[in-house]
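Novice: please work out how this folds:
(chains A and B, ligands or ions: 3)
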Amino acid sequence: MKFLCVPCDSPMTLRTVSPPERGSLSVVYTCPECGYEIAMLTNAYETQIVQSLGVRIGPAETAAKSAGAGCPFSAMIPGVDAAPAAAERRDGGPDGVGGSALDWTAAAEARLARVPEFIRPMARTGIERFARERGASEVDERILDAAREFFGM
Amino acid sequence: MKRYHEIAGDGGSRVLEQVADQRARIAEGLAGVRHLVAVGSGKGGVGKSTLTLQLADALTARGLRVAILDADFNGPSQARMAGVQEALVVPGTEKVALPRTRSGIAVFSMGSLLSESEALDFASAARGESQTWRATREFALLGEILASFEWGALDLLLFDLPPGAERIVQYADYLGPRTSFLLVTIPSAVARAVVGRSVAALSKAPNTLLGYVENMSGYYCRDCHAVKPLFTSGPGPSPRSVRQERAGGAAEPAGLGIPCLGTVPFDPELARQCDLGTPPAALRDTPVGRSLDAIARRLLDSLTPTPAADRTPREHGRPGKEPEP
Ligand SMILES: Nc1ncnc2c1ncn2[C@@H]1O[C@H](COP(=O)(O)OP(=O)(O)O)[C@@H](O)[C@H]1O
Ligand SMILES: [Mg+2]
Ligand SMILES: [Zn+2]
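Specialist: Ligands and ions are numbered 1, 2, ... in the order given. Purely as a prediction, here's the structure:
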């Protein structure tokens, strides 16, 4: 979608995106010629359809920054697809994978960010279980390497 | 007043750019894969998942490097069949490692991540209206998996597709013309009719249709060691052609208008092993194993040769068995 300032016949540029509120995004566009501003307010379907593409909406700089390590997939619209419902259940749910979450070193956490966001909570839970079984109190890169080895990867 | 195509860029949302980025990352992640083959049907329960794993095993036994992506996110079967239900998804420094079977087949299956009592569920702003966005979301997830996992240098990546004749075309569109298709049917008129629709739909796509495999083509009786008729009303191969197939001859085409790469009998032992996740190698010297080996050979013959990139041959493959020209 593009927006055109009709009086100036000039394409408007995206200025800000507010975090989704009850499924609605507020996206402000401005005309670089006359400074006129408009806001596009999406409904939940519109938000979800764009979000389903695995993209982030936002001014170029923010999107690039939050994409981290050049990964466009971790850059979902913040807060919409935070965690899959099933994974949440698995994380702290009744099938109790045992105890509270383990600490992760920054390096291990950075590696975990390479797992697609949707399956990340499931990967985290599994790795923590593996770490606990080995008596570790923290997930570090050594644990990740041990898990890779163990599963013949 | 300016029109859409007169305005450069997309107004700052970067949606198109990001979708293009995703495509580039997928292409880069699959750069070391020589052949992408999607195993589909249109029909469910005909043995797509079973044959995908058996075929992967037959190809592995020929010294090829093979991985399976179970694209049936909602009804994943590969984790159980391949015995990787308990495997973890572990991130490396660049890509995420793939679980492997004992015979070395790399397998991504949602069944390694979700227990069988859980349904695949996405959080959504448009809950209760999933018909409007769900397929898009699933394809984006497929893209994320293709881009993030360590496919590395492979001879074949097999996609185990979900049922649905319309979905097959969506996979052709999403995976692009590099992916060729292998269809699975069974000798019943009901199944053949649905698979015929998949053939019709796919023939409009630029993708190569390698042919089909007729599964459950006769019943292998373990008491008398003979293949007996299973579906008697359908347009399946005659008992004579079943015998020919067992003798290693080419299977009789059954009217789908595309090459038949072979037939596989129903073997109760195969069904049992799928449920248990027993390594497929156990069936290698049975009618099922021999059929699959013949199908693997015909499949390799039908794939257009692509130049090997870095490829060092796999260590534990049979030496001197690189069938690629
Ligand atoms: N040739 C065969 N012999 C015995 N059982 C088979 C055979 N092909 C498939 N099956 C069984 O049939 C069922 C359905 O097969 P599956 O591969 O899951 O089908 P699909 O993936 O097409 O839905 C499974 O339980 C599988 O073990
Ligand atoms: Mg299946
Ligand atoms: Zn203006």
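
Novice: okay, and for the chain, where does confidence drop off?
Specialist: As the question left the chain open, I've gone with chain A. Residues of chain A meeting the criterion pLDDT under 70: A:58-100, A:153.

Novice: try chain B instead
Specialist: Short version for chain B, where the test is pLDDT under 70: B:233-254, B:306-325.

Novice: sec struct for the residue in it positioned nearest to ligand 2, please.
Specialist: Residue nearest to ligand 2 within chain B: B:Ser49 (3.4 Å; CB to the ion). Every residue, glycine included, has its C-beta placed from N, CA and C. Secondary structure, DSSP: H, G, I helix; E, B strand; the rest coil: B:Ser49 is helix.

Novice: you'd agree it is up against B:Met81?
Specialist: Yes: counting by CB atoms under 8 Å, B:Ser49 touches B:Met81, with 6.1 Å between them.

Novice: overlap of the contact sets of these two?
Specialist: Taking CB atoms under 8 Å, 6 or more residues apart in numbering or on different chains as the criterion, B:Ser49 and B:Met81 both touch B:Cys274.

Novice: what's around B:Phe181, how many residues?
Specialist: Applying the criterion other CB atoms under 10 Å in any protein chain shown, we find 27 residues in the vicinity of B:Phe181.

Novice: tell me which helix or strand comes right after the host helix or strand of it.
Specialist: In the assignment (DSSP states H and E), B:Phe181 maps to strand B:179-185. Moving toward the C-terminus from strand B:179-185, the next helix or strand (DSSP H and E) is helix B:189-202.

Novice: gap between that following helix and the chain center?
Specialist: When C-alpha coordinates are averaged (CA atoms, centre = their mean, to the nearest Å), helix B:189-202 and its chain have centres 17 Å apart.

Novice: equivalent analysis for stretch B:30-48, please.
Specialist: For stretch B:30-48, the separation from the chain centroid amounts to 2 Å (computed by CA atoms, centre = their mean).

Novice: does chain A have contacts with that stretch?
Specialist: No: on the criterion CB under 8 Å from any CB of the partner chain, stretch B:30-48 is out of touch with chain A, staying 15.5 Å away.

Novice: please report the distance of the residue of chain B closest to ligand 2 from chain A.
Specialist: 20 Å (CB to the nearest CB, to the nearest Å).

Novice: what's near enough to touch that residue?
Specialist: Going by CB under 8 Å, 6+ apart, B:Ser49 touches B:Asp70, B:Asp72, B:Ser77, B:Gln78, B:Met81, B:Asp160, B:Cys274.

Novice: near ligand 1, which residues of the stretch 1-150 of chain B are found?
Specialist: B:Ser41, B:Gly44, B:Gly45, B:Val46, B:Gly47, B:Lys48, B:Ser49, B:Thr50, B:Ser77 (CB under 6 Å from any ligand atom).

Novice: can I get those residues in TSV including distance to ligand 3?
Specialist: Below are those laid out as TSV (distance: CB to the ion, whole Å):
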residue	distance to ligand 3
B:Ser41	55
B:Gly44	55
B:Gly45	60
B:Val46	60
B:Gly47	62
B:Lys48	56
B:Ser49	57
B:Thr50	62
B:Ser77	57
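
Novice: distance to A:Met1 for these - can I get that in JSON lines?
Specialist: As requested, these are exported to JSON lines (distance: CB to CB, whole Å):
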{"residue": "B:Ser41", "distance to A:Met1": "38"}
{"residue": "B:Gly44", "distance to A:Met1": "38"}
{"residue": "B:Gly45", "distance to A:Met1": "42"}
{"residue": "B:Val46", "distance to A:Met1": "42"}
{"residue": "B:Gly47", "distance to A:Met1": "45"}
{"residue": "B:Lys48", "distance to A:Met1": "39"}
{"residue": "B:Ser49", "distance to A:Met1": "40"}
{"residue": "B:Thr50", "distance to A:Met1": "45"}
{"residue": "B:Ser77", "distance to A:Met1": "40"}
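
Novice: so which of the residues you listed is the most crowded?
Specialist: B:Ser41 (29 neighbours).

Novice: quick one: distance of the strand holding B:Phe181 to the chain centre.
Specialist: 8 Å.

Novice: which ones are touching the closest residue to B:Gly75 other than its chain neighbours?
Specialist: Leaving aside its chain neighbours, B:Gly75 sits nearest to B:Pro162 (6.5 Å; criterion: CB to CB, 6 or more residues apart in numbering or on different chains). By CB under 8 Å, 6+ apart, the contact list for B:Pro162 reads B:Gly44, B:Ala71, B:Asp72, B:Phe73, B:Asn74, B:Gly75.

Novice: which one of those sits in the busiest neighbourhood?
Specialist: Counting by other CB under 10 Å, top hit in those: B:Ala71 with 28 neighbours.

Novice: for the residue nearest to B:Gly75, phi and psi?
Specialist: Dihedral angles of B:Pro162 (phi, psi; degrees, to the nearest 10) stand at phi -70, psi 170.

Novice: for the chain, which segments count as helices?
Specialist: This is for chain A. Taking DSSP state H as the test, the helices found in chain A are A:44-52, A:60-67, A:85-92, A:106-112, A:120-133, A:141-150.

Novice: chain B, not that one
Specialist: Under DSSP H, chain B gives helices at B:15-29, B:48-61, B:78-82, B:134-148, B:165-175, B:189-202, B:239-246, B:268-276, B:287-302.

Novice: is ligand 1 within reach of the longest strand that chain B contains?
Specialist: Ranked by residue count under DSSP state E, the longest strand found in chain B is strand B:209-221. Yes: using CB under 6 Å from any ligand atom, we find that strand B:209-221 touches ligand 1 at B:Asn215, B:Met216.

Novice: quick one: is that strand near ligand 2?
Specialist: No: residues of strand B:209-221 contacting ligand 2 under CB under 5 Å from the ion: none, with a closest distance of 11.8 Å.

Novice: in that strand, what's buried?
Specialist: The neighbour-count check on strand B:209-221 (16 or more other CB atoms under 10 Å in any protein chain shown) flags B:Leu209, B:Leu210, B:Gly211, B:Tyr212, B:Val213, B:Glu214, B:Asn215, B:Met216, B:Ser217, B:Gly218, B:Tyr219, B:Tyr220 as buried.

Novice: would TSV of the helices of chain B with distance to A:Gly35 be doable?
Specialist: Below are these laid out as TSV (distance: least, CB to CB, whole Å):
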stretch	distance to A:Gly35
helix B:15-29	25
helix B:48-61	58
helix B:78-82	56
helix B:134-148	36
helix B:165-175	42
helix B:189-202	51
helix B:239-246	76
helix B:268-276	66
helix B:287-302	62
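
Novice: ok, which of these comes nearest A:Tyr29?
Specialist: Of all the helices of chain B, it is helix B:15-29 that lies closest to A:Tyr29, at 14.2 Å by CB to CB.

Novice: return the set of buried residues in that closest one.
Specialist: By 16+ other CB under 10 Å, the buried positions in helix B:15-29 come out as B:Val15, B:Gln18, B:Val19, B:Asp21, B:Gln22, B:Arg25, B:Ile26, B:Gly29.

Novice: how about the CA coordinates for stretch B:103-117, as CSV?
Specialist: Extracted in CSV, the C-alpha atoms of stretch B:103-117 (Å, rounded to 0.1, in the frame of the first residue of the first chain):
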residue,chain,number,x,y,z
SER,B,103,21.0,-43.9,9.3
GLY,B,104,21.9,-40.2,8.9
ILE,B,105,18.7,-38.8,7.4
ALA,B,106,18.2,-35.2,8.6
VAL,B,107,14.5,-34.7,9.6
PHE,B,108,12.6,-31.6,10.4
SER,B,109,9.1,-32.4,11.7
MET,B,110,6.8,-30.4,13.9
GLY,B,111,6.3,-33.7,15.7
SER,B,112,9.7,-33.2,17.4
LEU,B,113,8.4,-29.9,18.8
LEU,B,114,4.8,-30.5,19.7
SER,B,115,3.5,-33.5,21.6
GLU,B,116,0.8,-35.6,19.9
SER,B,117,-1.8,-34.2,22.2
